[in-house]
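K.L.:
Pasting a predicted model and its sequence here:
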Amino acid sequence: MIAAAAIELFHNFTLVHDDIMDKAPLRRGNPTIHAKYGLTAGILSGDVMCINAYVQLANVKNHLPELLQLFNTTAIEVCEGQQLDMDFEQRDDVSIDEYIHMIALKTSVLLACSLKMGAIIGGASEANANKLYEFGKNVGIAFQLQDDYLDAFGDTAKLGKQNGGDIRANKKTFLLLKAKELAGAYGSQFDELMVAEEEVKVRGVLSLYKNTGADELCRAAVEAYSEKAFTNLEEIDVPAERKEPLRKLASYLLQRDK
């Protein structure tokens, strides 16, 4: 539980600072820290949460050097992923491989880290701990690709927001990158839509996602990374019933519709 608290504190620290960088006014339906208390409070609150993550981790009794090495590597990777995400906003030549690398760092490695930390503390073999890490990493990538898809095509009543938030924010997502890659005769429409009125832009880009087949390819990518994750889980050398809770959790995350 102490190690889990460290992961949770670190994760929420990144959200506080992400909100500052994205100039986001809301998080989970509530005012963000910097919006409610000011930029200085937002920065310092995030800093203290990060420090408190290490305070928690320092109280773990066993395997502390190994856990610290993993945690530190992960923390650096998460920051690198966030920087890449910000950099991509200024680039028009982002590849699918670069995007997958970015979401792996920004989203997936912390999930992978949490699973491997649990394995280390639980006395797992190095091979099993590494398989759990890969399981978490692939689940994280699939989760983010599913998130891309739901932002564009999810049920608005279940999502609680309009479709196309990423389009409105000019986010580089799998859908956008793949649609541009396959645009062909539709290529000129992208340039026109990027400067169109917002609702016209969203409707037009969503239509192009379908016309180019990017929507189906995004779903296929979710399935591919999900399959990789479940293969990793299957290869872990423990009885199947002990892996079932993780299988159910991953299935819930990857089959969600909101």
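P.N.:
Received, thanks.

K.L.:
Residue 26 against residue 36, yeah?
P.N.:
No - using C-beta atoms under 8 Å, residue 26 makes no contact with residue 36, being 10.3 Å away. In short, each C-beta sits where N, CA and C put it, glycine included.

K.L.:
okay, now the spatially closest residue to residue 50 that is not a sequence neighbour: neighbour count?
P.N.:
Distances taken as C-beta to C-beta, 6 or more residues apart in numbering put residue 13 closest to residue 50, at 4.4 Å, once the chain neighbours are dropped. By other C-beta atoms under 10 Å, 21 other residues sit near residue 13.

K.L.:
and residue 13, how far is that from residue 154?
P.N.:
28 Å (C-beta to C-beta, to the nearest Å).

K.L.:
CA atoms only for the helix or strand in which residue 44 is found - export them in PDB, please.
P.N.:
Using DSSP states H and E, residue 44 sits in helix 39-57. The C-alpha atoms that make up helix 39-57 are tabulated as PDB, following Å, rounded to 0.1, in the frame of the first residue of the first chain:
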ATOM      1  CA  LEU A  39      -0.200  29.400 -11.000                       C
ATOM      2  CA  THR A  40       2.300  29.500  -8.100                       C
ATOM      3  CA  ALA A  41       0.100  27.300  -5.900                       C
ATOM      4  CA  GLY A  42      -0.300  24.900  -8.800                       C
ATOM      5  CA  ILE A  43       3.400  24.500  -9.500                       C
ATOM      6  CA  LEU A  44       4.300  24.200  -5.800                       C
ATOM      7  CA  SER A  45       1.500  21.800  -5.000                       C
ATOM      8  CA  GLY A  46       2.700  19.500  -7.800                       C
ATOM      9  CA  ASP A  47       6.200  19.800  -6.500                       C
ATOM     10  CA  VAL A  48       5.200  18.800  -3.000                       C
ATOM     11  CA  MET A  49       3.200  15.800  -4.300                       C
ATOM     12  CA  CYS A  50       6.200  14.600  -6.200                       C
ATOM     13  CA  ILE A  51       8.400  14.900  -3.000                       C
ATOM     14  CA  ASN A  52       5.700  13.100  -1.000                       C
ATOM     15  CA  ALA A  53       5.800  10.200  -3.400                       C
ATOM     16  CA  TYR A  54       9.400   9.700  -2.500                       C
ATOM     17  CA  VAL A  55       8.600  10.100   1.200                       C
ATOM     18  CA  GLN A  56       6.100   7.200   0.800                       C
ATOM     19  CA  LEU A  57       8.500   5.100  -1.200                       C
END
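
K.L.:
and the residue nearest to residue 50, what is it in contact with?
P.N.:
46, 47, 49, 50, 53 (C-beta atoms under 8 Å, 6 or more residues apart in numbering).

K.L.:
Model confidence for it, exactly?
P.N.:
We have a pLDDT of 97 for residue 13.

K.L.:
That one and residue 168: what is the separation?
P.N.:
Per C-beta to C-beta, residue 13 is found 27 Å from residue 168.

K.L.:
can you map out the helices along this protein?
P.N.:
2-22, 33-37, 39-57, 64-88, 96-103, 109-121, 126-153, 156-159, 165-168, 174-181, 187-194, 198-212, 214-235, 240-254 (DSSP state H).

K.L.:
ranking these by mean pLDDT, which is last?
P.N.:
Looking at the helices of the chain, the bottom one is helix 156-159 with a mean of 60.

K.L.:
for the residue nearest the centre of the chain, what are its contacts?
P.N.:
Note on the chain: the residue nearest the mean C-alpha position is residue 107, at 3.2 Å, using C-alpha atoms, centre = their mean. Residues counted as contacts of residue 107 (C-beta under 8 Å, 6+ apart) are 81, 140, 141, 143, 144.
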